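>>> Structure for the following, please:
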Amino acid sequence: MKELWLLLICGWTAVSLLGAELSALPPSPASTNRSATKLVADVSAATGTGPSPNTASTQGWRLFWRTRKPTMIRPAPPLVLTPARQRISDQAIANDLRYFDGVEKRLEALQPGVATTHGYHLAKAQSWLDLARSEYLSNNRTRFVEAAVHEATNLLAQLESKATNIDLTTPLLPLSHPIRPDLWQLADRLKQHPNFAQGEGVVARLEVQLVWAGHIDRRHGWRAASPYLQTAEELTAQAIQVMNVHPESPSAAPIPSVALCASDSASLDALQQRLARLNGAAVPIASYHFAKAQHWLDFARCERDANDRSEVVRAAAEQAQDIIEQLEAGHTNLTKETKLLKTSRRIRSDLWQLAEELKRHPDFCRGEDVVARLEVQLVWAGHEERQLGWRSARPFVQAAERLAREAQTKIGAALEAKPSVTAPSAGAVPVAAPSP
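Prediction:
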């Protein structure tokens, strides 16, 4: 019985203390609203106006919002497409596609009248719509699609209203980022060229394409963005050709060439020709340094064709050029050290150690070309692993393992004490996928 009385007393004390703390707190918005409503009702009763209960409640809310701290609330723009979470039925997708078709018909109706006066903005609106439709059909659930639709419809509305001072700037949409600043600067300079009217549609498509490429690069990386950038380069070359722009033209600022990939290819071709001339000058193909220069060139060319935007293409070409220049100068004491590029990392230390031991073997000359390719291949595999992860690096590591086995066979090195090259040493990057 005493325990029960103690529990009751403790509970009563706790309730009393809690009530005192709650009474010390500031009034909540709901209580403020009730007080304001009661104040309006009392004033109305005293003056004899006698508002209805609904009117008193509305006036009370207005008084409450005037007394609280103001905040800037920007209304969200209306969505014209089905929200991403609701695009789960054929009907919802069909409704969105019908909306795209409706905007397309509006653009087609405008084309005969504004193609000559607003060709740039008409082409840009069409490009924005094509971008939005393509990303929508690719199941892009980000707000990038809605932003592209907004840009297209905004330009369309201005064209339909026959606006004359439409802006020429191209905004960078959400979930995109600046990419290829050289092409952006070139597009700005083309818009200031006297012959801009001849290629305004191509320039508009170029700018939208660069926004698109920036979005793909941000979401999926440079490899996925490679075809989009190639399209932008083709559009740039087309605009220069259509506008009849020449770098030496005195009527406009000089415009540099945009054939960046072509210039890189020409440089690599020139190095390849110099290497071929060395072979004709009695430098054997099977020599260590000739094979290493050739594999550096193959490395650089392959990454260039894959549109690798890192420094690896230039760095690999410089390694090949350094060897070629020393061979052309007739140097015989070239180093056999293989440098690790900045974009690469050292993986498979067991294969690196094997290559060093093979270079010290008495019969090294029998497979020196294979050892040279093995070392460059390890640098290549380290580049792929650092840029894209071990899954992408796996075929490059497997190629290095095959070269290691071929070098062992050619040199005849007995390495019974060494671990097999097919089993990576402790701490090495795995070649096969780890078990989940």
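>>> Let me know the pLDDT of residue 117.
Per-residue confidence (pLDDT) for residue 117: 76.
>>> separation between it and residue 197?
Taking Cβ to Cβ, to the nearest Å as the measure, residue 117 falls 10 Å from residue 197. Glycine gets a C-beta too; all of them are placed from N, C-alpha and C.
>>> same check, this time on residue 271
43 Å.
>>> Pull the contacting residues for the one residue sitting closest to the centre of the chain.
Geometric centre of the chain, nearest residue: residue 217, 1.8 Å, by Cα atoms, centre = their mean. For residue 217, the residues meeting the contact criterion (Cβ atoms under 8 Å, 6 or more residues apart in numbering) are 177, 179, 224, 225, 228.
>>> distance of it from residue 225?
Distance check for residue 217 against residue 225: by Cβ to Cβ, it reads 4 Å.
>>> ok, now residue 373?
Note on residue 373: its distance to residue 225, by Cβ to Cβ, is 31 Å.
>>> got it, and residue 339?
Following Cβ to Cβ, the distance that separates residue 339 from residue 225 is 29 Å.
>>> for residue 162, same thing?
Taking Cβ to Cβ as the measure, residue 162 and residue 225 are separated by 37 Å.
>>> Comparing these two, which shows the higher neighbour count?
Comparing residue 162 with residue 225 by other Cβ atoms under 10 Å, the one with more neighbours is residue 225, at 23 against 10.
>>> just checking, that one touches residue 213?
Yes: in this structure residue 225 lies within contact range of residue 213 using Cβ atoms under 8 Å: 5.1 Å.
>>> Now for these two: what residues contact both?
Residues touching both residue 225 and residue 213 by Cβ under 8 Å, 6+ apart: residue 179.
>>> so where's the stretch 201-350 of the chain shaky on pLDDT?
Low-confidence regions of the stretch 201-350 of the chain, defined here as pLDDT under 70, cover residues 246-264, 280-286.
>>> can we see that at 80?
Across the stretch 201-350 of the chain, the stretches falling below the confidence threshold (pLDDT under 80) are 222-223, 245-266, 279-286, 305-310, 332.
>>> Now do the helices in it.
Remark: helices assigned in the stretch 201-350 of the chain by DSSP state H, counting those that start in this stretch are 222-242, 260-280, 288-305, 312-328, 349-359.
>>> can you put the ones you listed in CSV and add distance to residue 92?
Converted to CSV, the helices of the stretch 201-350 of the chain look like this (distance: least, Cβ to Cβ, whole Å):
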stretch, distance to residue 92
helix 222-242, 27
helix 260-280, 42
helix 288-305, 41
helix 312-328, 45
helix 349-359, 54
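>>> Deepest in the core, which of those helices is it.
Compared across these, helix 288-305 shows the largest average neighbour count, a mean of 22 (mean count of other Cβ atoms under 10 Å).
>>> Mind giving me the packing neighbours of it?
Of the remaining helices and strands, those touching helix 288-305 by 3 or more Cβ pairs under 8 Å, 6 or more residues apart in numbering; DSSP states H and E are helix 260-280, helix 312-328, helix 368-388.
>>> Tabulate those helices (TSV), appending distance to residue 362.
As requested, these are exported to TSV (distance: least, Cβ to Cβ, whole Å):
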stretch	distance to residue 362
helix 260-280	26
helix 312-328	24
helix 368-388	12
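>>> got the contact list for residue 187?
Here residue 187 is in contact with 203, 206, 207, 210, 236 (Cβ under 8 Å, 6+ apart).
>>> try 6 Å
Residues counted as contacts of residue 187 (Cβ atoms under 6 Å, 6 or more residues apart in numbering) are 203, 206, 207.
>>> Export these as JSON lines, with columns for distance to residue 127 and neighbour count.
Written out in JSON lines, the entries for the contacts of residue 187 read as follows (distance: Cβ to Cβ, whole Å; neighbours: other Cβ atoms under 10 Å):
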{"residue": "203", "distance to residue 127": "11", "neighbour count": "26"}
{"residue": "206", "distance to residue 127": "9", "neighbour count": "26"}
{"residue": "207", "distance to residue 127": "8", "neighbour count": "25"}
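>>> Sort out which one of the residues you listed lies nearest residue 151 for me.
Ranked by distance to residue 151 (Cβ to Cβ), the contacts of residue 187 are led by residue 207 at 11.0 Å.
>>> what's that closest one in contact with, if anything?
Contacts of residue 207 (Cβ under 6 Å, 6+ apart): 170, 187.
>>> now do the one 4 residues further on
Residues near residue 211 by Cβ under 6 Å, 6+ apart: 173, 176.
>>> Could you measure from it over to residue 96?
Using Cβ to Cβ, residue 211 is found at 21 Å from residue 96.
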